[in-house]
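*Asks:* give me coordinates for this.
(4 chains)
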There are 2 protein chains.
Amino acid sequence: MSGFAQLDPLLHSQLRLAVMSLLIGVDSAEFVFIKEKTGATAGNLSVQLDKLSNAGYISVTKSFKGKKPLTTCSITKVGIKAFEDYVNNLKQYIE
Amino acid sequence: MSGFAQLDPLLHSQLRLAVMSLLIGVDSAEFVFIKEKTGATAGNLSVQLDKLSNAGYISVTKSFKGKKPLTTCSITKVGIKAFEDYVNNLKQYIE
DNA sequence: ATCATTTGGTTTATAAAATAAACTATTTTA
DNA sequence: TAAAATAGTTTATTTTATAAACCAAATGAT
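*Replies:* Modelled structure (predicted):
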């Protein structure tokens, strides 16, 4: 058990980590809610959600709330596993 | 206590975090030792040590071992504080 | 003795990432 | 009905991380 484990670069990003941290505690969350909680700009959030989605770490559903677009996100099993692995690896650095 | 604390970007980098993690546990460490423990290339390590040094997080001393150059690093008080703050902030994301 | 290789780095170039600015489409409000 | 707000996306820019190329001295092989 020597050397430092590689930290998943997809999770080792402040904003994406915050998103995952949020999503791991809830069933699902809306774009606007995530934006407010993380303090991210819409553009940045949009890009980072895409990356998490493309990696299969979250699922993103686009629908409508009344007549306004509604983007809903939830963490996937793969995402939960990745997050847990990341946290375990990280502990090697900070404990 | 809402929102996510900003993670010190100087520490939120895999290699620099590994370096700090190493240095926090020892009195001092040599360039080659850090390089081996972290698995970094010399070039990358050199750059990242500079950044930590410029931030005042570590002190870097250049001398000679026999006739070969010897770069020795140690964490500073400021660095210890920054590391501890980083770890505390990070816990908000991963706990 | 000298030519190649290794050691211990630094500097510079490139690839990748984060972030913000600009934009789109619809909808609400004045 | 014109202006502004909502809910985003796309594109451009800045920053960062990383590796490749380089340098000087020392050691090893022929």
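*Asks:* mind naming the longest helix for chain A?
*Replies:* helix A:77-94 (DSSP state H).
*Asks:* do that helix and chain B come into contact?
*Replies:* Yes: Helix A:77-94 is in contact with chain B by C-beta under 8 Å from any C-beta of the partner chain, via A:86-87, A:90, A:92-94. Where you see a C-beta, it was placed from the backbone N, CA and C, and this is true even at glycine.
*Asks:* out of those residues, who's the most crowded?
*Replies:* Neighbour tally across the residues of helix A:77-94 next to chain B (other C-beta atoms under 10 Å in any protein chain shown): the maximum, 23 neighbours, falls on residue A:90.
*Asks:* what residues are up against that one?
*Replies:* Counting by C-beta atoms under 8 Å, 6 or more residues apart in numbering or on different chains, residue A:90 touches A:7, B:90, B:94.
*Asks:* that one and residue A:83, how far apart?
*Replies:* As judged by C-beta to C-beta, to the nearest Å, residue A:90 and residue A:83 stand 10 Å apart.
*Asks:* quick one: which of the residues of helix A:77-94 next to chain B is nearest residue B:13?
*Replies:* residue A:93 (11.0 Å; C-beta to C-beta).
*Asks:* around DNA strand C, pick out the residues from chain A.
*Replies:* Contact residues (C-beta under 7 Å from any atom of the strand) of chain A with DNA strand C: A:9, A:12-16, A:40-44, A:47-48, A:51, A:66-68.
*Asks:* what's the first helix or strand after the strand or helix carrying residue A:21?
*Replies:* Residue A:21 is part of helix A:14-23 when elements are defined by DSSP states H and E. For helix A:14-23, the succeeding helix or strand toward the C-terminus, using DSSP H and E, is strand A:29-30.
*Asks:* roughly how far does the nearest residue to residue A:63 once chain neighbours are set aside sit from residue A:31?
*Replies:* Once flanking residues are discounted, residue A:63 sits nearest to residue A:70: 5.1 Å by C-beta to C-beta, 6 or more residues apart in numbering or on different chains. Per C-beta to C-beta, residue A:70 is found 8 Å from residue A:31.
*Asks:* looking at the two, which is more packed in?
*Replies:* For residue A:70 versus residue A:31, neighbours defined as other C-beta under 10 Å are more numerous around residue A:31 (18 against 13).
*Asks:* residue A:76 against residue A:57, yeah?
*Replies:* Yes: using C-beta atoms under 8 Å, residue A:76 is in contact with residue A:57, at 6.2 Å.
*Asks:* who has more neighbours out of the two?
*Replies:* Using other C-beta under 10 Å as the criterion, residue A:76 and residue A:57 rank with residue A:57 on top: 25 against 16.
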